[in-house]
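Asks: could you look at this predicted model? Sequence included:
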Amino acid sequence: MSKKIVVFGEVRDGELRNVSFEAVAAAKLVSEGGEIVAAVFGDGSLEKAAQELIYYGADRVVTVQNETLKTYTSEGYAQAALAVIEDEDPEGIVMGHTAAGKDLTPKLASKLDSGLISDVTSIEVAGGNVVFTRPIYSGKAFEKKIVTDGLIFATVRPNNIAPLERDESRTGEITAKEVEIKDIRTVIKEVLRKSTEGVDLSEAKVVIAGGRGVKSKEGFEPLQELADALGGAVGASRGACDADYCDYSLQIGQTGKVVTPDLYIACGISGAIQHLAGMSNSKVIVAINKDPEANIFNVADYGIVGDLFDVVPKLTEEIKKL
Ligand code: FAD
């Protein structure tokens, strides 16, 4: 049965995050041919972002422009989101499983008295049901969920559901909605760290991660060069962060970021279970480690037993020749 689905897009510095397009593609699957209404919030012009959402498959877009929506706050975004939901009365809601998505969606679900299926990695329609798959036990198993009653509310993990083909011939209505936003108690001092110019670690298609084997801050330099050559981002194990070789914003794992890039290159990382929780669902894993017994080789598609300070510069050199 076709359903109307609302998708919350995410704008950062005037640009939509990729996961917004992935959420539209996810909503298409959930809607089973119904209407997709995307919503975007911000303080500046949202016209360009709204247009992009239509090119990527939204049927209509609602924008809420308000000076309080410059950066994400749970109070501000919840008020804007609830106003859109009240107008649209959708049968489903989809958003990216990002920092904002993880914060906003439980709040909305509670206000709407709804369930929430978070961190979805795939969606299929089977036996007349929309079936959501999500990892559990730190990625060691997957569970399948269906919604039998009420609102279908889901967040989708970045880099798992392919966006639809961008099509400039798609057209759709863009409506600016006024929302009175009040009682914002949170003051956000935004600290944005990008390991590589323009590449966000949680959305990167290529991640080069360093562990304690990198041995120093300077040891990350060859990894950054490889990341630059591949258009990727640098990440790290907690071992490397604890040793102060890099900032904790780069930490991948159970208590860090969860990434699912197309290519993950682990350099000098042993492969502790807590690290695997953040990267084992990457599409292709390459491990570079001096120790042939290192656990990381058990999850790697390709393993290189060797010194990362020999292997990484050679890889960069070869990639630059392509
Ligand atoms: P090590 O285990 O010390 O491994 C270093 C590796 O580098 C070794 O395999 C060694 O052979 C190799 N090596 C050394 N020199 C070279 C060289 N020149 N060339 C190639 N290889 C070399 N960890 C995370 O990563 N993320 C988390 O989110 C996380 N959360 C945790 C939560 C809890 C509650 C706990 C208890 C632990 C958590 N940990 C997490 C820590 C985790 O258990 C490991 O301690 C950590 O992942 C180890 O980091 P590492 O692999 O860099 O270091």
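Replies: In hand now; what should we look at? Residues are numbered from 1 along each chain as shown.

Asks: let me see the backbone angles for the residue lying closest to G271 once chain neighbours are set aside.
Replies: Closest residue in space to G271, ignoring its immediate chain neighbours: I296 at 3.0 Å, by C-beta to C-beta, 6 or more residues apart in numbering. The C-beta positions use only the backbone N, C-alpha and C, and glycine is treated the same way. Per-residue torsions, I296: phi -60, psi -30 (degrees, to the nearest 10).

Asks: same thing with the one 3 residues further on?
Replies: Backbone geometry at V299, expressed as degrees, to the nearest 10, gives phi -110, psi -10.

Asks: which residue packs closest to it, ignoring adjacent ones?
Replies: S280 (5.2 Å).

Asks: send the alpha carbons of the helix or strand harbouring V40 over as PDB?
Replies: Assessed by DSSP states H and E, V40 sits inside strand 36-42. The C-alpha trace of strand 36-42 is given here as PDB (Å, rounded to 0.1, in the frame of the first residue of the first chain):
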ATOM      1  CA  ILE A  36       8.000  11.700  -0.700                       C
ATOM      2  CA  VAL A  37       8.000  15.100   1.100                       C
ATOM      3  CA  ALA A  38      11.500  16.200   2.100                       C
ATOM      4  CA  ALA A  39      12.000  19.000   4.700                       C
ATOM      5  CA  VAL A  40      15.200  21.000   5.200                       C
ATOM      6  CA  PHE A  41      16.000  23.600   8.000                       C
ATOM      7  CA  GLY A  42      18.500  26.400   8.200                       C
END
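
Asks: sheet partners, orientation included, of the helix or strand bottoming out on mean pLDDT in the chain?
Replies: None of the helices or strands of the chain scores lower by mean pLDDT, DSSP states H and E than strand 11-12, at a mean of 88. Here strand 11-12 has these sheet partners by DSSP bridges: strand 15-16 (antiparallel).

Asks: run through who's touching the partner strand.
Replies: Strand 15-16 is touched from outside by 9-10, 40, 49, 52-53, with contacts defined as C-beta atoms under 8 Å, 6 or more residues apart in numbering.

Asks: mean confidence for it?
Replies: Averaging pLDDT along strand 15-16 gives 90.

Asks: now do stretch 229-244
Replies: Mean pLDDT, computed over stretch 229-244, is 97.

Asks: any idea how far it is from the chain center?
Replies: On the basis of C-alpha atoms, centre = their mean, to the nearest Å, stretch 229-244 sits 18 Å off its chain's mean C-alpha point.

Asks: what comes up buried for it?
Replies: Residues 229-230, 232-241, 243 are the ones in stretch 229-244 that count as buried (16 or more other C-beta atoms under 10 Å).

Asks: what's the neighbour count on the residue nearest to G271?
Replies: Other residues lying near I296 total 26 when counted by other C-beta atoms under 10 Å.

Asks: thinking it is in contact with C267, fair?
Replies: No: at 9.8 Å, I296 does not count as touching C267 under the criterion of C-beta atoms under 8 Å.

Asks: which residues do these two both contact?
Replies: Residues touching both I296 and C267 (C-beta under 8 Å, 6+ apart) are N289.

Asks: so A23 sits against V156, correct?
Replies: Yes: the criterion here is C-beta under 8 Å, and A23 meets it with V156 at 5.6 Å.
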